[in-house]
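1. Provide a 3D model corresponding to the input given below.
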Amino acid sequence: MTQSPEGLKIKNGWNGFALSLKIYIPLSIIAFFNESVNGCLFDCEYPSYYLLPRRLALLSALILVIIAGASRRKINVDVYDKWYATGVIFGIIVGVAMFVFLTILGWASEIHGW
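-> I've put the predicted structure just below:
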């Protein structure tokens, strides 16, 4: 069944920002614990899953950029507000900053002598 245009909820900038943070908050927590257990600075033996959070963060950023670009298309005007893509991009920036901060914080945690 189709919905009338009045019943459709238009996704705005806050929805895009929240989408990015829904992805980056769990990845940041995983990266924190990964670094606090496995992190070292030079010449280390890492487990096979060590780089997985970083790869997932990069892949998520690429997918979110594609989503932001797709939301700007003229065909999606009735679903996305003009600020949705901006919210996604700001969410990526904040999410990556949080990911890097928690990764560094996990590496410098008390397991490594902080």
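2. Can you tell me whether I have it right that Ser48 is in a strand?
-> No. Under DSSP: H, G, I helix; E, B strand; the rest coil, Ser48 falls outside any strand and is assigned coil.
3. next one: phi and psi at it?
-> With angles defined as degrees, to the nearest 10, Ser48 sits at phi -60, psi -30.
4. wait, what's in contact with it?
-> Shown in contact with Ser48 (Cβ atoms under 8 Å, 6 or more residues apart in numbering): no residues. (Each C-beta comes from the backbone N, C-alpha and C, glycine too.)
5. now the one 4 residues further on
-> The contact partners of Leu52, taken as Cβ under 8 Å, 6+ apart, are Asn34.
6. Equivalent analysis for Ile63, please.
-> By Cβ under 8 Å, 6+ apart, no residues touch Ile63.
7. Which residue is the nearest non-sequential neighbour of the residue sitting nearest the centre point of the chain?
-> By Cα atoms, centre = their mean, the chain has its centre lying nearest to Tyr24, at 3.3 Å. Of all residues not flanking Tyr24 in the chain, Gly95 sits nearest, at 2.9 Å (Cβ to Cβ, 6 or more residues apart in numbering).
8. which residues are contacting the helix or strand harbouring that neighbour?
-> Gly95 belongs to helix 84-107 when assigned by DSSP states H and E. The contact list for helix 84-107 (Cβ under 8 Å, 6+ apart) reads 11-21, 23-25, 27-29, 31-36, 39, 53-54, 57, 61, 64-65, 67-69, 71-72.
9. which strands and helices sit next to the longest helix along the chain?
-> When the chain is parsed with DSSP state H, its longest helix is helix 13-38. For helix 13-38, the elements it packs on are helix 52-71, helix 84-107, judged by 3 or more Cβ pairs under 8 Å, 6 or more residues apart in numbering; DSSP states H and E.
10. Buried residues of that helix, list them for me.
-> 13, 15-17, 19-21, 23-24, 27-28, 30-32, 34-36, 38 (16 or more other Cβ atoms under 10 Å).
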